[in-house]
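S.K.: 3D, please:
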Amino acid sequence: MDWLTLLALSSAPGACIILYIYLKDKYEREPVGLLVKSFAFGIVAVIVTFLISFPLDMLVPTDEEDLTQQAVHAFLLVALVEEFSKFIFVRGVLYHDAHFNEPFDGIVYSVLVSMGFATLENILYVSQGGLTTALLRMFTAVPAHGTFAVLMGYYIGRAKFEEGRGYLSLFGLLSATLFHGAYDYFWFISFVPGIWLGAIASLVVGIWLARKAIRIHQEASPFRKTGDPDQQPAETKDPDSGSQGLS
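M.R.: Sure, this is the predicted structure:
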């Protein structure tokens, strides 16, 4: 198969997820230039990941058949490093942009950064694995990155607009890392018969939570007009904090 076709297949899942999130941002969409910039940050995050991972991989041994070492590999060496590399651009740069003016923007920018990361990563994998890899990752790895990003962005959006709750940004990083780590771990130990189903289950649960997070932040938009035909009852609020939660 020619390289242009593989490039298109590698890029298509990320493009579809970006379009989906862009359309979900119904009330006050972000400037296209800033979205492109966010996507570019995701590409740079791949380089950051490499710079962090290279020395760690040299220092931390990983036996492919050791369940404990594979857990360290999945949750710390891969999930935490990759999600942190994205997080520093969302929380450290885009968080302070004047266009970040509603909770849903946390999801938008997190997803754009993540899709920049996932698209470049996908191109690299597909260039080695070909059509089979492209089709498999189209329905697994790339949507997984999008799901992790929505969970991270949900909490970053809350952190910015809920007074005194800046720590929720770190909770976003933790949530993305936990789901990412669980997803990878089940794939890494797929030598255990049937265990790969755990990766699919974690992805399904993540997608369900991500859809809920999107709905909550849509309903919380300050740009939403009273009487909007799409208006639905808001999620039940936590009586102790007055904030909306995913659980």
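S.K.: what's near enough to touch V44?
M.R.: Residues near V44 by Cβ atoms under 8 Å, 6 or more residues apart in numbering: 89, 116. From N, CA and C alone the C-beta is placed, and that goes for glycine too.
S.K.: does it sit in a helix or strand, and which one?
M.R.: For V44, the enclosing helix or strand under DSSP states H and E is helix 32-59.
S.K.: cool, S169 as well?
M.R.: S169 belongs to helix 168-188, assigned by DSSP H and E.
S.K.: repeat for T147
M.R.: For T147, the host element (DSSP H and E) is helix 141-161.
S.K.: Pull that helix out as CSV, backbone CA atoms only.
M.R.: Only the C-alpha atoms of helix 141-161 are listed here, as CSV (Å, rounded to 0.1, in the frame of the first residue of the first chain):
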residue,chain,number,x,y,z
ALA,A,141,-5.3,3.6,20.5
VAL,A,142,-6.4,6.9,18.9
PRO,A,143,-9.9,7.0,20.4
ALA,A,144,-8.2,6.0,23.7
HIS,A,145,-6.0,9.0,23.6
GLY,A,146,-9.1,11.2,22.9
THR,A,147,-10.9,9.7,25.9
PHE,A,148,-8.0,10.3,28.2
ALA,A,149,-7.8,13.9,27.0
VAL,A,150,-11.5,14.5,27.7
LEU,A,151,-11.1,13.3,31.2
MET,A,152,-8.1,15.5,31.8
GLY,A,153,-9.7,18.5,30.2
TYR,A,154,-12.9,18.1,32.2
TYR,A,155,-11.0,18.6,35.4
ILE,A,156,-8.7,21.3,34.0
GLY,A,157,-11.9,23.2,33.0
ARG,A,158,-13.3,22.9,36.5
ALA,A,159,-10.0,23.9,38.0
LYS,A,160,-10.0,27.2,36.1
PHE,A,161,-13.6,28.2,36.8
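S.K.: So what's the model's average confidence on it?
M.R.: Taken as a whole, helix 141-161 has a mean pLDDT of 97.
S.K.: if I pick the residue nearest the centre of the chain, what's in contact with it?
M.R.: Note on the chain: the residue nearest the mean C-alpha position is A149, at 1.9 Å, using Cα atoms, centre = their mean. Counting by Cβ under 8 Å, 6+ apart, A149 touches 86, 107, 110-111, 113-115, 176.
S.K.: any chance of those residues in JSON lines, with pLDDT too?
M.R.: Listed next are the contacts of A149 as JSON lines, based on pLDDT from 0 to 100:
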{"residue": "K86", "pLDDT": "98"}
{"residue": "I107", "pLDDT": "98"}
{"residue": "S110", "pLDDT": "98"}
{"residue": "V111", "pLDDT": "98"}
{"residue": "V113", "pLDDT": "98"}
{"residue": "S114", "pLDDT": "98"}
{"residue": "M115", "pLDDT": "98"}
{"residue": "A176", "pLDDT": "98"}
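S.K.: so who does L203 touch?
M.R.: By Cβ under 8 Å, 6+ apart, the residues touching L203 are 140, 143-144, 147, 183.
S.K.: sorry, back to before: next, the angle helix 32-59 makes with the helix holding T147.
M.R.: Inter-element angle recorded for helix 141-161 and helix 32-59: 110 degrees (by axes from the mean of the first three to the mean of the last three Cα atoms, to 10 degrees).
S.K.: gap between helix 141-161 and the chain center?
M.R.: Here helix 141-161 shows a centroid-to-chain-centroid distance of 5 Å under the convention Cα atoms, centre = their mean, to the nearest Å.
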